[in-house]
Every structure is written in structure tokens, then in C-alpha cells.
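> sharing a model prediction with you, sequence too.
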Amino acid sequence: MARMIAKVQATCDPTGRTQRAQSAQKNNSSLRCSRSLRSSLAAGAAVLALAASVRAHDLERTQVLLAFARDGSFVLDVANDPAWLKLRLESFPGSFADRVVLWVDGHEIRPTSVEYLPPAATDAAAPLGRHRLRGRFPADAHTLRWYYGLVIDPYPLTVRRADGRVLVEEISGDAWSRTIDVSGQFQRTWVSGTVAGFAVAALLLTPLLIRVLFTTKDTKEELCTS
């Protein structure tokens, strides 16, 4: 009868066990290094992307201030880094007013004047160039939506109402603002400036006219009696 000899288990070979253990340790070590390297590369890519985004935002440095007066007139200051703005405008010929939109109650309000204000000497720490636009809203205006087509990154829009309220909204770069309430702050002007000027002049001249009339009458009476 043949003997039943059990197969030799691999674990019974101390030399083979040691070699396999060393090989497993090397594989685990390589795997950990590979994972660490991939994590480092991913983290580095994320940091570079964030830095690029921050640099782009720092390049634009957009600030927008819209201030209203009681008669509906407004002053709109759009500020940017002057070097960035110069390069950006080279790709968009035409007036700067064409790059912004004031959408009021379903139609556009166009500024009546545009001027560029270079960085002031007092702004040496953070010089900004400003486009100043002026115009007028209707006295019965209710809603405003704002758009600035040159920028990419988010920026703050500050609205100073004529009644003293201040609204600040974060605009998502190349995007429309939400609907902004501009109602209830304007007063209707019933008399134009020209008519008011004539009325004041007439009041001032009335005493002189009365004096001239009486002087002329007295002169005529003296001539008649003589």
C-alpha cells in the first residue's frame, strides 16, 4: 500500500517565507509611495489652479459703485486695475459705455456721459483706473439689472440709494446681477430748471419795472401840466 504523504506546505519552507515576506513589503512600500505621489500631484494641481484663479482676480480688481440722487440722476464708477483694463479694452473697440448695461424696468438706460479717471497719486498702494458714467433714471423706476461684460471673476456691486440705503451684491463675473430694487427714492421735478430760472429773474426784475413805470408816468404828468 502506498503511503499517504501529505504535500509539503509552502509555509514550512522558512527561506521561501522570508523571500515572499520581503517581496510583499517591497510591493506595499511601492504602493504607498505611488499613492503618496499621486496625492501630492493632485494637491499641487489644486494649489496651482487656486493660485491662477487668485492671480486672475487680483489682475482685474473690479469695483463698481452706483450712486443715485433724488432727481433720478446717477453717478456710476467702474474701477479696475489700469494695466489689465488697457489690455482688455484693446480686444473690445468702441466706447466703454458699450461694455455695461443698466436694464431698468425692461429697457436699457444709456449713460449721457463717460470719462476715464486715471489712478490718483493717493492710491499708490492699490491704484485703480475708473470709468465714471452719468445719466438719469425715470422718477417712477422700480427695478434694475446690471451687467459688465469685460470681467470674468466675481466682484462687488455697491448701490447707494438717494434715501440713504446701501445695497451690496456679489456679481458672478461675466453674469447679470439679480433684480435690484430702485423704487421709492426719486422725487418728481414738476418745474424744469429753465422755467425756474425765468421765474426767479422775473421776481428780481419786478420792482425795477414798477419803478420805471411810475417814473415814466410822473414824467408824462409833469410835461402835461407844463
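Thanks, I have the structure now. Numbers count the residues shown, from 1 in each chain.

> neighbours of Leu144, how many?
Applying the criterion other CB atoms under 10 Å, we find 21 residues in the vicinity of Leu144. In this view, the C-beta of every residue, glycine as well, is placed from N, C-alpha and C.

> so who does the closest residue to it other than its chain neighbours touch?
Nearest-residue entry for Leu144: Ile180, 4.5 Å, with adjacent residues in sequence omitted and distances by CB to CB, 6 or more residues apart in numbering. Under the criterion of CB atoms under 8 Å, 6 or more residues apart in numbering, the neighbours of Ile180 are 143-146, 159, 167, 169.

> can I get the buried part of these as one ChimeraX selection?
Buried members of the contacts of Ile180, defined by 16 or more other CB atoms under 10 Å, are picked up in ChimeraX with:
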select :144,146,159
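
> any regions of the chain where pLDDT drops low?
Low-confidence segments of the chain, defined by pLDDT under 70, are located at 1-58, 121-125, 189-202, 212, 214, 216-226.

> send the alpha carbons of stretch 104-117 over as CSV?
What follows is the C-alpha trace of stretch 104-117 in CSV, where atoms were taken according to Å, rounded to 0.1, in the frame of the first residue of the first chain:
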residue,chain,number,x,y,z
VAL,A,104,-34.4,99.3,-15.9
ASP,A,105,-38.0,98.1,-16.0
GLY,A,106,-37.5,96.1,-19.2
HIS,A,107,-35.5,98.6,-21.2
GLU,A,108,-31.9,100.0,-21.2
ILE,A,109,-30.9,103.3,-19.7
ARG,A,110,-27.9,104.6,-21.6
PRO,A,111,-25.4,106.9,-19.8
THR,A,112,-25.2,110.5,-21.1
SER,A,113,-21.5,111.0,-20.4
VAL,A,114,-18.4,108.8,-19.9
GLU,A,115,-15.0,109.9,-18.6
TYR,A,116,-11.9,108.0,-17.6
LEU,A,117,-10.2,108.9,-14.3
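
> may I have stretch 143-157 as PDB, with CA atoms only?
C-alpha atoms of stretch 143-157 as PDB (Å, rounded to 0.1, in the frame of the first residue of the first chain):
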ATOM      1  CA  THR A 143     -36.200  97.600 -10.900                       C
ATOM      2  CA  LEU A 144     -32.600  97.400 -12.100                       C
ATOM      3  CA  ARG A 145     -30.500  94.600 -13.500                       C
ATOM      4  CA  TRP A 146     -26.800  95.200 -14.100                       C
ATOM      5  CA  TYR A 147     -24.200  93.700 -16.400                       C
ATOM      6  CA  TYR A 148     -20.500  94.300 -17.000                       C
ATOM      7  CA  GLY A 149     -19.100  92.400 -20.000                       C
ATOM      8  CA  LEU A 150     -15.400  92.700 -19.600                       C
ATOM      9  CA  VAL A 151     -14.700  90.800 -16.400                       C
ATOM     10  CA  ILE A 152     -14.500  87.100 -15.600                       C
ATOM     11  CA  ASP A 153     -14.200  86.900 -11.800                       C
ATOM     12  CA  PRO A 154     -16.700  87.800  -9.100                       C
ATOM     13  CA  TYR A 155     -16.800  91.400  -7.900                       C
ATOM     14  CA  PRO A 156     -18.900  93.600  -5.500                       C
ATOM     15  CA  LEU A 157     -21.600  96.000  -6.800                       C
END
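
> right, I'll call it a day here.
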